[in-house]
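Chemist: Sequence plus the predicted model coming up.
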Amino acid sequence: MKLAELASAIGARLENGSPNTEITGVCGIEEAAPGHVTFLANPKYASAAKATRASAVIVAEDFPAAATAMLRSKNPYLAFAHALELFYQPPKYAPGVHRTAVVHPSAKIGHGAHIGPYVVIDEDVEIGKNAVMLAHVVIYRGAKIGNNFFAHAHAVVREHCLVGDSVILQNGAVIGADGFGFAKDDGGRWQKIVQSGPAILEDDVEVQANACVDRASIGETHVARGAKIDNLVQVGHGSSVGEHTLLCAQVGLAGSTKVGKNVILAGQVGVAGHCKIGDGVIATAQSGIPNDVPEKAVVSGYPAIDNKLWLRCVAVFNRLPEIAKALRAKSSA
């Protein structure tokens with residue numbers, strides 16, 4: 001593909017380079033060779049753009065100029081994603097049912113489905129058109145799934161759960177497992193509480209590897225349109241996750257947590273049960289949230305506090321030995 005063609009395809013503006021340069025692939029900025037296009041967004045690393053052997057670099061509109069050919073974009077990360085799509089095509093799966101798959105006669109499956117080895121689809125399941133279910137996927141009875149469903153190996157959708165269009169389940173994702181609900185009886189034994197409510201995923205949700213969206217004891221667990229759930233995330237029973245929210249790796253939501261739209265909970269954030277997280281909140285990695293958080297807040301630490309305050313607290317914490325030494329010297333004077 002010519003560099004000018006690439007620029008047009010990803011909506012970028014070519015600067016410095018020859019429009020006829022041949023681009024053969026996408027690569028990281030340090031590993032790139034002639035013929036590659038690469039990506040750099042942070043001006044702190046402008047020196048890397050000068051040193052790269054890549055034929056072109058996708059950058060932001062205000063990125064410092066360099067001799068390397070530049071593809072300037074208002075959203076360079078998105079432009080880079082589009083470039084990847086041009087040069088890498090994931091495997092295609094032809095329609096058909098593998099001979100080892102078990103599909104209940106009552107199941108209704110739309111046109112164009114690929115049902116791989118050892119897939120199990122139980123009774124009264126409904127799945128829309130163009131589904132792909134790879135090896136060992138299990139769909140429990142009564143589940144309802146929309147069009148363009150893609151389930152990687154060992155993903156599970158439990159009984160009576162509802163899944164919208166264009167949902168992706170990565171390997172080992174479990175939708176609708178029992179919520180963690182137990183009541184202690186008079187003898188001190190934990191008695192299981194029936195988890196009767198389904199998990200619901202709206203359109204364009206992706207749940208990545210070994211993440212769990214639990215079913216509810218009553219009501220439902222709800223993940224709204226466009227939300228993305230990373231590896232090893234736990235969405236507790238009866239929780240709700242708003243539109244286009246990101247739950248990054250190892251986030252844990254206790255039961256009945258309400259997370260708004262366009263929220264980012266970074267890696268290993270934990271949220272206590274029955275808390276409400278407002279729209280647009282950002283919680284930095286390993287924050288612990290025991291209380292409600294107002295919309296558009298940026299919080300850090302445990303218990304989570306305003307990020308700017310937390311940064312000041314950390315700065316003081318790092319000076320505690322020095323401060324303690326000065327106080328001891330003053331008290332002994």
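Modeler: Here it is on my side, so go on.

Chemist: The closest residue to Thr21 other than its chain neighbours - how many residues pack around it?
Modeler: Leaving aside its sequence neighbours, Thr21 sits nearest to Leu3 (CB to CB, 6 or more residues apart in numbering; 4.1 Å). C-beta here means a position set from N, CA and C on the backbone, and glycine is covered the same way. Residues within reach of Leu3, counting by other CB atoms under 10 Å, total 20.

Chemist: Could you do Leu201 as well?
Modeler: Close neighbours of Leu201, defined as other CB under 10 Å, add up to 28.

Chemist: show me the contacts for it.
Modeler: Cys161, Leu162, Val163, Gly164, Val167, Ile175, Val207, Val213, Val223 (CB atoms under 8 Å, 6 or more residues apart in numbering).

Chemist: Kindly provide the distance from the residue nearest to Thr21 to Ala12.
Modeler: Leu3 is 10 Å from Ala12, where distance means CB to CB, to the nearest Å.

Chemist: Show me whatever sits in contact with both of the two.
Modeler: With CB under 8 Å, 6+ apart as the test, Leu3 and Ala12 both reach Leu71.

Chemist: okay but His136 is in contact with Ala153, surely?
Modeler: Yes: using CB atoms under 8 Å, His136 is in contact with Ala153, at 5.5 Å.

Chemist: quick check, Ala329 in a helix?
Modeler: Yes: membership of Ala329 in a helix is supported by DSSP: H, G, I helix; E, B strand; the rest coil.

Chemist: Can you pull out the low-pLDDT segments for this structure?
Modeler: Within the chain, the ranges that satisfy pLDDT under 70 run 333.

Chemist: What segments of it are helices?
Modeler: 3-10, 46-51, 76-87, 307-318, 320-332 (DSSP state H).

Chemist: Could you dump the ones you listed into CSV with distance to Phe149 added?
Modeler: Output for the helices of the chain, formatted as CSV (distance: least, CB to CB, whole Å):
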stretch, distance to Phe149
helix 3-10, 28
helix 46-51, 40
helix 76-87, 20
helix 307-318, 38
helix 320-332, 54
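
Chemist: Tell me which of those lies nearest to Gly242.
Modeler: Nearest of the helices of the chain to Gly242, taken as CB to CB: helix 307-318 at 20.5 Å.

Chemist: Not counting the closest one itself, show me its contacts.
Modeler: Applying CB under 8 Å, 6+ apart, the contact partners of helix 307-318 are Ile282, Thr284, Val298, Val299, Ser300, Gly301, Ile305, Ile323.

Chemist: List the buried residues of it.
Modeler: In terms of neighbour count (16 or more other CB atoms under 10 Å), helix 307-318 has its buried residues at Asn307, Trp310.

Chemist: For it, output the C-alpha coordinates as PDB.
Modeler: Presented in PDB, the C-alpha positions along helix 307-318 are these (Å, rounded to 0.1, in the frame of the first residue of the first chain):
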ATOM      1  CA  ASN A 307      -6.200  12.500  42.900                       C
ATOM      2  CA  LYS A 308      -4.400  15.800  43.400                       C
ATOM      3  CA  LEU A 309      -4.800  15.500  47.200                       C
ATOM      4  CA  TRP A 310      -3.500  11.900  47.000                       C
ATOM      5  CA  LEU A 311      -0.400  13.100  45.100                       C
ATOM      6  CA  ARG A 312       0.300  15.600  47.800                       C
ATOM      7  CA  CYS A 313      -0.200  12.900  50.500                       C
ATOM      8  CA  VAL A 314       2.200  10.600  48.700                       C
ATOM      9  CA  ALA A 315       4.800  13.400  48.500                       C
ATOM     10  CA  VAL A 316       4.500  13.900  52.300                       C
ATOM     11  CA  PHE A 317       4.600  10.100  52.900                       C
ATOM     12  CA  ASN A 318       7.900   9.800  51.100                       C
END
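
Chemist: circling back to that earlier point, from the contacts of Leu201, which is closest to Pro90?
Modeler: For those, the minimum distance to Pro90 (CB to CB) is 16.3 Å, reached by Val167.

Chemist: gap between the closest one and Leu247?
Modeler: Remark: distance between Val167 and Leu247 (CB to CB) = 15 Å.

Chemist: These two - which one has more neighbours?
Modeler: Leu247 (29 against 24).

Chemist: Which residue, neighbours along the chain excluded, lies closest to Ala224?
Modeler: Glu243 (4.4 Å).

Chemist: Please work out how many residues are found near that neighbour.
Modeler: Burial of Glu243 is recorded as 17 neighbouring residues (other CB under 10 Å).

Chemist: what's the answer for Asn20, then?
Modeler: Neighbourhood size, Asn20 [other CB under 10 Å]: 9.

Chemist: so who does the nearest residue to it once chain neighbours are set aside touch?
Modeler: In this structure, Asn20 finds its nearest non-sequential neighbour in Lys2, 5.6 Å apart by CB to CB, 6+ apart. By CB under 8 Å, 6+ apart, Lys2 lies in contact with Pro19, Asn20, Thr21, Glu22, Ile23.

Chemist: With distance to Val251 added, can I get the residues you listed in TSV?
Modeler: TSV is the format used below for these (distance: CB to CB, whole Å):
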residue	distance to Val251
Pro19	44
Asn20	47
Thr21	42
Glu22	43
Ile23	37
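
Chemist: Which of those residues has the largest number of neighbours?
Modeler: Highest count within the contacts of Lys2 by other CB under 10 Å belongs to Ile23, 25 neighbours.
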